[in-house]
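Enquirer: Okay, predicted coordinates and the sequence, questions at the end:
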Amino acid sequence: MSALAGKVALITGASRGIGRATAEALAGLGAEVFLVAEGTEEELEQGAAACRAAGQRAAWGVFDLADPARTEALVAQVQAELGRIDILVNNAGLRIRRPFGEFSAADFDALMAVNLRAPFLLSQAVLPAMRRQGGGRIIHVASQMGLVAAPTSALYGMAKAALIHLTKSMAVELAADGISVNCVSPGPIETEFTRHQMELRPGYREAREAEVPLRRWGAPGEVAELIGFLASTSATFLHGSNLLIDGGYTAH
């Protein structure tokens, strides 16, 4: 039997990159999936179609995760279409790069709304369903930048560091409910966003590869495999952990 047969997973930021790879990985493990992102209907349908090709039910919705009023509506739609929520993957993220001293209050509010407030509120919103079902899995996607510093990344790194701490706090409080909470922190991963950075900044690819002991960028599917492990019954004693998957970036 598939590891996640009978389970329903909600994945945010699932139109591309790590989120889409995660949806497909969880579907491959037998889960039914709900993909959510903002304003990307065609990409979401393509991702859902790939999950259906694995033999699982898949649905999607366009939601602005920066809008806290939409959180309850999202949870209600997932339950209405797929019946339950067993796994939540908080993957959606926003990056705003500026030298410190040049961030605006609007930058702060926009980034925190997506990178921290959304996973906080969505995690709270799924609790009633998970408690009724006797447990669940919540997985946050942070970043190696939540552990180390880099120029122009103060705001992003601060939000990811807070998300890692939120993982630990939730794990302490929710263990009694049978809800496992963990976090993954990817290092340099080749996604649409990072490929765009490579186009804008000559030498960016090579410079980042030089910082990684494995001397390459990671792939979204490699992160998705780790998330699949955390979502499965194999990870029964992993709780409150932040798992780095960065090719050794933070090892030196």
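Expert: Sure thing, it's come through.

Enquirer: Least confident secondary structure element in this structure?
Expert: helix 192-200 (a mean of 76; mean pLDDT, DSSP states H and E).

Enquirer: Which positions within that one qualify as buried?
Expert: Residues of helix 192-200 classed as buried by neighbour count (16 or more other Cβ atoms under 10 Å): T194, M198. Bear in mind the C-beta positions are built from the backbone N, C-alpha and C, glycine included.

Enquirer: wait, doesn't S185 sit right on Y249?
Expert: No: using Cβ atoms under 8 Å, S185 is not in contact with Y249, being 9.8 Å away.

Enquirer: overlap in contacts of the two?
Expert: Q144 (Cβ atoms under 8 Å, 6 or more residues apart in numbering).

Enquirer: same for the least confident helix or strand of the chain, what does it pack against?
Expert: The contact analysis (3 or more Cβ pairs under 8 Å, 6 or more residues apart in numbering; DSSP states H and E) places helix 192-200 against helix 204-211.

Enquirer: Start from the N-terminal end of the stretch 1-150 of the chain and give the strands.
Expert: Assigned by DSSP state E, counting those that start in this stretch, the strands in the stretch 1-150 of the chain fall at 8-12, 32-37, 58-62, 87-90, 136-141.

Enquirer: Turn the ones you listed into JSON lines, including distance to I245.
Expert: Formatted as JSON lines, the strands of the stretch 1-150 of the chain follow (distance: least, Cβ to Cβ, whole Å):
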{"stretch": "strand 8-12", "distance to I245": "17"}
{"stretch": "strand 32-37", "distance to I245": "21"}
{"stretch": "strand 58-62", "distance to I245": "25"}
{"stretch": "strand 87-90", "distance to I245": "14"}
{"stretch": "strand 136-141", "distance to I245": "10"}
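
Enquirer: is it possible to export those to a markdown table including distance to A219, mean pLDDT and mean neighbour count?
Expert: Converted to a markdown table, the strands of the stretch 1-150 of the chain look like this (distance: least, Cβ to Cβ, whole Å; pLDDT from 0 to 100; neighbours: other Cβ atoms under 10 Å):
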| stretch | distance to A219 | mean pLDDT | mean neighbour count |
| --- | --- | --- | --- |
| strand 8-12 | 17 | 98 | 29 |
| strand 32-37 | 19 | 98 | 28 |
| strand 58-62 | 22 | 97 | 21 |
| strand 87-90 | 17 | 98 | 28 |
| strand 136-141 | 15 | 98 | 25 |
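
Enquirer: Which among those strands is found nearest to E45?
Expert: Nearest of the strands of the stretch 1-150 of the chain to E45, taken as Cβ to Cβ: strand 58-62 at 6.5 Å.

Enquirer: what number of residues lie near the closest residue to R208 other than its chain neighbours?
Expert: Take R208 and drop its neighbours on the chain: the residue closest to it by Cβ to Cβ, 6 or more residues apart in numbering is P188, 4.9 Å away. Number of residues near P188 (other Cβ atoms under 10 Å) recorded here: 19.

Enquirer: What backbone torsions are found at P188?
Expert: phi -60, psi 110 (degrees, to the nearest 10).
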